[in-house]
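Here is my input; please provide its structure:
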Amino acid sequence: MNLSKILGFLLLASVIGNSAVAETAPSTAVTIAAVGDIMMGTDFPYNKLPPDDGRSLFSEVREVLQQADIAFGNLEGPLCDGGACAKDTESPNVFAFRTPTRFVSNLATAGFKVVSLANNHALDFGANGSQATKRALTEAGIKFSSKDGEVAEMQVREVKVGLVALSFGSAPRSIIHPKEPLEEIEKLAKQVDVLIVSIHGGAEGRGAQNTWDRNEWFLGEPRGNLVKFSREAIDRGADLIIGHGPHVPRAIEIYKDRLIAYSLGNFCTYKGMSLIDESGYAPMLVVELAKNGQFLRGKIHSFQQFPPGGPQRDENAKAFNLIKTLSLEDFPETCPLFIPGGGLQPLYKSDAERKG
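Next up is the predicted model:
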């Protein structure tokens, strides 16, 4: 093994934080750091922006994000300057966000390479707000996928990676209408080595931490069957499912050697969302995938938000412990092995070994 490959292997080991040795060569493995919802403050309907334009929001997570080959997050709300809100925020349970375009530099500096724009806040300021968001991200060198049809493509050494973002609501790319997105996933899987599927769906809040194989609803709106859709997506060729939307962490499982994270909760939601207890847990999932998409190993880095918001390192590992508990409750036969310190390993032979 030459020096560059040895150094590459050591970097992968430091990002994953796990002593196990991957069976694949480091040049053909991909590390992905994934987080949940990001909303860096809003100036609508009145100013709730962080000081210094939020330059310190990601200060405690930047190092881990930058070490991964690909860092991903769900961008809740548009990046735009001015414009008319497309929502009736006077109605109950209707919220809108608007983050100035200059805040995109915080994402780029933190190390984010790609974001999802397929969520229920992407169009808070209509088509103009969406276009402004895409311009700002493009100028910052950050790729994206939305319900408009974009596929984020990235080359990591010899591995071609694609990411497609889905949500609930009306078609296209809606898990409520699964036929079209599943057909798209099947097509895209043939065009890339590793296909990541981002899903914004599921019920919301601290009462929605468990994941069931059934249709979910929130405020009378259908939010999809995340278990059924995620597994069918893997059947069609998806290699990693990254869920967000419930605003709390949820379980993870391994299905056909592919990892499904059903919700990564709130990660950086400055003055925008409740941060009480589990709503404030901010996990960062780092996974290593083989060139064929197989899950090799991973780690959950535990962070936590406190009002007004922004992830801070949590030495008590609340996010990791919560995800472990939920995974053993909801998917006792298919959850990964949880290793003290945040590590994740593929399934072991028996429940006793897995629960350890």
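
which residues of the stretch 251-356 of the chain fall in strands?
252-255, 258-261, 266-269, 281-289, 295-305, 311-313, 337-339, 343-345 (DSSP state E, counting those that start in this stretch).

Just name whatever secondary elements the longest one is in contact with.
Using 3 or more Cβ pairs under 8 Å, 6 or more residues apart in numbering; DSSP states H and E as the contact definition, the elements that strand 295-305 packs against are helix 3-16, strand 258-261, strand 266-269, strand 281-289, strand 311-313, helix 318-330, strand 343-345. Any C-beta I mention is one placed from the backbone N, CA and C, and that applies to glycine too.

Show me how far it is from its chain's centre.
Strand 295-305 sits 11 Å away from the centroid of its parent chain (Cα atoms, centre = their mean, to the nearest Å).

Mind listing the strands that strand pairs with, and their directions?
strand 281-289 (antiparallel), strand 311-313 (antiparallel), strand 343-345 (antiparallel) (DSSP bridges).

Let me see the mean pLDDT of stretch 226-234.
The average of the pLDDT scores along stretch 226-234 is 98.

Please enumerate residues in contact with it?
Outside stretch 226-234, the residues within contact range by Cβ atoms under 8 Å, 6 or more residues apart in numbering are 175, 178, 181-182, 185, 197, 199, 201-202, 211-214, 216, 238, 241, 243, 255-256, 258, 260, 262.

List the ones among these that fall in strands.
Taking DSSP state E as the definition of strands, the contacts of stretch 226-234 contribute 197, 199, 216, 241, 243, 255, 258, 260.

Which one of the helices and strands packed on strand 295-305 lies nearest to L57?
Among the helices and strands packed on strand 295-305, the nearest to L57 by Cβ to Cβ is strand 266-269 (5.6 Å).

With just CA atoms, put that closest one into CSV.
Backbone C-alpha positions of strand 266-269 (Å, rounded to 0.1, in the frame of the first residue of the first chain) are rendered in CSV as follows:
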residue,chain,number,x,y,z
ASN,A,266,-32.8,19.4,14.5
PHE,A,267,-29.2,20.3,13.9
CYS,A,268,-28.9,24.1,13.7
THR,A,269,-32.3,25.8,14.1
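
F338 against S327, yeah?
Yes: using Cβ atoms under 8 Å, F338 is in contact with S327, at 7.4 Å.

about what we covered before: which pair in the ones in strands among the contacts of stretch 226-234 has the greatest spatial separation?
Pairwise distances across the ones in strands among the contacts of stretch 226-234 peak at 21.5 Å for E216 and R258 (criterion: Cβ to Cβ).

Please read off the pLDDT at K349 from the model.
K349 is assigned 51 on the pLDDT scale.

cool, L3 as well?
pLDDT at L3 comes out at 42.
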